[in-house]
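# structure here, sequence nowhere to be found:
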């Protein structure tokens with residue numbers, strides 16, 4: 001019988017090769033690796049976010065679209081600086097861009113002589129501002145509708161140090177929140193009548209061609225500070241300041257004003273703080289030139305004018321209502337004679353002035369009031385006066401002059417006599433007689 005032979009199975013030997021032993025990382029190193037991985041992840045995420053912000057950092061528009069203007073946001077104020085635009089066309093192009101948030105806090109354009117001609121209407125598109133500063137350019141005019149988009153928000157408008165020959169004053173009533181308007185150092189001429197129920201601060205300094213009429217400020221009754229310095233004004237129209245009942249500061253320094261007529265400053269303001277008239281050529285002040293506007297809290301600045309005398313009928317009521325050191329009269333060459341004794345002999349009134357000097361160089365407070373007793377006497381209206389120098393005239397039978405508490409007697413034999421006197425004899429208390 002055939003038997004199948006089954007081959008013997010050979011034993012299988014499994015050899016286990018040793019696995020490479022990887023050094024066990026310490027717990028600290030594992031944490032460090034994990035920290036590095038997280039840091040790389042966050043850096044990649046930050047770079048991605050920065051890239052997105054560079055493209056558009058809300059609430060600002062795209063940097064590329066508004067260049068060369070620069071938008072900034074500090075969490076409270078959204079501002080735009082367009083000082084580097086090439087010209088007005090470039091400025092107009094900027095405001096054709098998409099502005100996701102068009103309500104800005106401020107616009108600044110400064111030191112750009114390439115801006116020439118008229119600022120056109122609608123140039124800012126739908127973008128609005130609370131404050132606009134557009135200074136030191138060569139703009140010569142402003143369109144009636146240049147700032148229309150900001151009419152309901154504009155509070156401060158600074159157009160100082162340009163070359164403006166005109167400004168749309170008639171449109172101010174449309175800007176019912178506008179409080180500050182600065183037009184100093186331009187070339188403005190005749191100012192049309194202002195109409196504004198909100199304007200509080202107006203600067204028209206250093207416009208050498210400025211012309212004002214009695215009605216220029218009639219409908220700007222809420223003005224608190226008005227600057228008209230260095231405007232070559234030769235006169236102040238009577239009525240110019242009538243009705244400015246809220247005015248606190250009025251500056252008219254460095255003009256060419258010579259006379260202050262009656263009613264010039266009929267402000268009727270109870271809150272006036274300073275009225276500055278320094279650096280003019282004022283030589284005459286008429287009675288009631290200041291109306292009822294002065295008080296003991298007002299500074300009245302008459303420095304560097306052409307005052308030579310201070311008539312008592314004009315200046316006594318004026319000085320009396322002021323407070324100490326309130327009338328500044330430095331730089332006026334005053335004639336310190338009998339006509340000024342009313343002030344020099346009244347310590348209270350004199351204390352209300354400061355800086356007053358005689359033409360001879362002495363301060364008013366340093367002049368001996370004995371001179372007033374020596375050479376001056378009061379008339380029936382109690383005003384000091386002196387006739388021709390060196391001559392005393394009398395209208396009665398006897399005259400008595402008080403000199404150093406003694407009496408200098410003159411006998412006369414006529415109703416109208418005159419006596420010439422010698423200074424040394426008067427000081428020597430000698431009696432003189434005339435026929």
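Here it is on my side, so go on. Remember, it's a predicted structure, so these values are computed and weren't measured experimentally.
# and residue 252, what does it touch?
The contact partners of residue 252, taken as CB atoms under 8 Å, 6 or more residues apart in numbering, are 228, 229, 233, 236, 275, 276, 277, 280. Backbone N, C-alpha and C define where each C-beta goes, glycine included.
# equivalent analysis for residue 236, please.
Per CB under 8 Å, 6+ apart, neighbours of residue 236: 252, 257, 260, 261, 264, 265.
# most neighbours, which of those residues?
Ranked by neighbour count (other CB atoms under 10 Å), these have residue 265 at the top, with 28 neighbours.
# got phi/psi on that residue?
Here is the backbone geometry of residue 265 (degrees, to the nearest 10): phi -110, psi 60.
# might one say that it is in contact with residue 288?
No: at 9.5 Å, residue 265 does not count as touching residue 288 under the criterion of CB atoms under 8 Å.
# would you mind measuring from residue 244 to residue 217?
Distance of residue 244 to residue 217, given as CB to CB, to the nearest Å: 6 Å.
# could you do residue 152 as well?
24 Å.
# between those two, which has more neighbouring residues?
residue 217 (25 against 11).
# contact partners for the more buried one?
194, 223, 226, 240, 241, 244.
# residue 316 sits in which helix or strand?
According to DSSP states H and E, residue 316 maps onto helix 312-321.
# pull out the buried positions in that helix.
Neighbour-count burial for helix 312-321, counted by 16 or more other CB atoms under 10 Å, picks out 312, 314, 315, 318, 319.
# between the two ends of stretch 240-256, how far is it?
Stretch 240-256 has its terminal residues 17 Å apart, counting by CA to CA, to the nearest Å.
# also stretch 88-103?
Note: stretch 88-103 ends 21 Å apart using CA to CA.
# residues making contact with that stretch?
Residues from elsewhere that reach stretch 88-103 (CB under 8 Å, 6+ apart): 56, 58-62, 65-66, 68-69, 78, 82, 85, 109, 115-117, 119-120, 123-128, 153.
# so of these, which ones are in strands?
Taking DSSP state E as the definition of strands, the contacts of stretch 88-103 contribute 78, 109, 115, 116, 117, 119, 128.
# what is the neighbour count of the last one?
What it means is residue 128. Residue 128 has 19 neighbouring residues, counting by other CB under 10 Å.
# same check on the fourth one?
For residue 116, the number of neighbouring residues by other CB under 10 Å comes to 13.
# now swap in the one 4 residues further on and tell me
By the criterion of other CB under 10 Å, residue 120 has 16 neighbours.
# in space, what's closest to it - neighbours in sequence excluded?
Computed as CB to CB, 6 or more residues apart in numbering, the closest residue to residue 120 that is not its neighbour in sequence is residue 143, at 5.3 Å.
# how about the one you found, what does it touch?
Neighbouring residues of residue 143 by CB under 8 Å, 6+ apart: 118, 119, 120, 121, 168.
# with pLDDT and distance to residue 206 as extra columns, can I get the residues you listed in JSON lines?
Output for the contacts of residue 143, formatted as JSON lines (pLDDT from 0 to 100; distance: CB to CB, whole Å):
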{"residue": "118", "pLDDT": "98", "distance to residue 206": "21"}
{"residue": "119", "pLDDT": "98", "distance to residue 206": "20"}
{"residue": "120", "pLDDT": "97", "distance to residue 206": "26"}
{"residue": "121", "pLDDT": "97", "distance to residue 206": "27"}
{"residue": "168", "pLDDT": "96", "distance to residue 206": "20"}
